[in-house]
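> following is a predicted model, sequence given first.
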Amino acid sequence: DSGVTQTPKHLITATGQRVTLRCSPRSGDLSVYWYQQSLDQGLQFLIQYYNGEERAKGNILERFSAQQFPDLHSELNLSSLELGDSALYFCASSGGTGRSEAFFGQGTRLTVV
Amino acid sequence: GQQVMQIPQYQHVQEGEDFTTYCNSSTTLSNIQWYKQRPGGHPVFLIQLVKSGEVKKQKRLTFQFGEAKKNSSLHITATQTTDVGTYFCGVDYKLSFGAGTTVTVRA
């Protein structure tokens, strides 16, 4: 158990819909990272938050947004969903920013039909 | 922006053989981390390298950071079926990953 909790584990939704993925980081970790992993693909960096502030953005679509709340949990919002958004979405947390070991959650499997 | 290339993308290894996977950056890195993702699992941290020329070992795994801090390698000796998975290198403060090397083992 990495200590990072992602909910839900699985999500099936229709095209055009909006979903919210939730991540609770390890206790005390200030950084949260979001990644998208499509079938047999690598980990595409989406966005990073550090102590409530957006720290870095990757190739995140405008239809996607995220935030980190005062209690440090984070949410990734995906809207106007398309078939190509079907993927495994991972959240990771670390104590610092890229120089600390990151702990990954189990991921949320999103299927858009 | 930061680009990290991992080669090879796929590595098919006979059990008992050695292999090496490489991570190459277009810019100088402050540090590099290696992760392993088993099939159906999530990435798990293996190690972090910080110093130029640094070499670290974990049992049959040897990690090396290049002298110029632009590349890194992971060498596995006497490959076992437990080594199956995808190995990722992560760089930069935002922890960007390469595409990974997916390892399969022939018994």
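That came through fine.

> and the helix or strand that contains B:Gln33, which strands flank it?
Take DSSP states H and E as the rule and B:Gln33 turns out to sit in strand B:32-37. Take DSSP bridges as the rule and strand B:32-37 pairs in its sheet with strand B:44-49 (antiparallel), strand B:85-91 (antiparallel).

> next, format the ones you listed as a markdown table and append mean pLDDT.
Formatted as a markdown table, the strands paired with strand B:32-37 follow (pLDDT from 0 to 100):
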| stretch | mean pLDDT |
| --- | --- |
| strand B:44-49 | 96 |
| strand B:85-91 | 95 |
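
> export the strand holding B:Gln33 as PDB, just CAs?
Extracted in PDB, the C-alpha atoms of strand B:32-37 (Å, rounded to 0.1, in the frame of the first residue of the first chain):
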ATOM      1  CA  ILE B  32      17.000  11.100 -12.100                       C
ATOM      2  CA  GLN B  33      14.700   8.600 -10.600                       C
ATOM      3  CA  TRP B  34      13.900   5.100 -11.800                       C
ATOM      4  CA  TYR B  35      10.500   3.400 -11.400                       C
ATOM      5  CA  LYS B  36       9.200  -0.100 -12.200                       C
ATOM      6  CA  GLN B  37       5.600  -0.800 -13.200                       C
END
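
> okay, buried residues for that strand please.
Using 16 or more other CB atoms under 10 Å in any protein chain shown as the test for burial, strand B:32-37 gives B:32-37. C-betas here are computed from N, CA, C, even on glycine.
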